[in-house]
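Novice: Just the structure for this:
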Amino acid sequence: MSVLQITLGLICAAMTVVAIAMLAMTVTRMIRTIRLGRPEPGRGGPLGTRLAVMVKEILGHTRMLKWGTVGVAHWLVMAGFVALMLTVLEAYVEVVNPEFHLPLLGEWAPWNLW
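Specialist: Predicted coordinates for the structure are as follows:
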């Protein structure tokens, strides 16, 4: 392992610690705000059904697509964020192991055009 890899690894680790601390503070603040409200009796329901609706909404954007062009643009932005997240993940691991590629995506030619 070279000096550059060690330096980049330490920088990535420090950035990760800061990011996790910021995430924890934000989640704590959000939970405090949510707990200020009262529970709504009809809001629950079977967990499996709620999870299925959540996955359908995330992947299909069924409610957002009712807005036409705005809904399609919103879905494309979401897909862009997922691609960015996977790219950053691959770059993080490549700091330690330069030969690393994400399974299924890493060797796929269109993915490497990013």
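Novice: Residue ranges of each domain in the chain, please.
Specialist: Listed by the TED database, the domain ranges of the chain are 1-37, 46-113.
Novice: Could you dump those domains into TSV with mean pLDDT and mean neighbour count added?
Specialist: Just so you know, the C-beta spots here come from the backbone N, C-alpha and C atoms, and that holds for glycine as well. Formatted as TSV, those follow (pLDDT from 0 to 100; neighbours: other CB atoms under 10 Å):
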stretch	mean pLDDT	mean neighbour count
domain 1-37	92	10
domain 46-113	85	12
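Novice: can you list the residues that contact the helix or strand hosting residue 54?
Specialist: Here residue 54 sits within helix 47-60, counting by DSSP states H and E. For helix 47-60, the external contacting residues (CB atoms under 8 Å, 6 or more residues apart in numbering) are 62-63, 78.
Novice: Which one of those residues is nearest to residue 26?
Specialist: residue 78 (19.8 Å; CB to CB).
Novice: how much space between that closest one and residue 16?
Specialist: Distance check for residue 78 against residue 16: by CB to CB, to the nearest Å, it reads 24 Å.
Novice: Quick one: list the elements packing against the longest helix along the chain.
Specialist: As assigned by DSSP state H, the longest helix anywhere in the chain is helix 3-35. Applying 3 or more CB pairs under 8 Å, 6 or more residues apart in numbering; DSSP states H and E, we find helix 3-35 packed against helix 69-96.
Novice: Does anything pack onto the helix it packs on? Which helices or strands?
Specialist: helix 3-35.
Novice: switch the cut-off to 10 Å
Specialist: Applying 3 or more CB pairs under 10 Å, 6 or more residues apart in numbering; DSSP states H and E, we find helix 69-96 packed against helix 3-35, helix 47-60, helix 109-112.
Novice: could those go into a markdown table alongside distance to residue 73?
Specialist: Output for the helices and strands packed on helix 69-96, formatted as a markdown table (distance: least, CB to CB, whole Å):
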| stretch | distance to residue 73 |
| --- | --- |
| helix 3-35 | 26 |
| helix 47-60 | 15 |
| helix 109-112 | 21 |
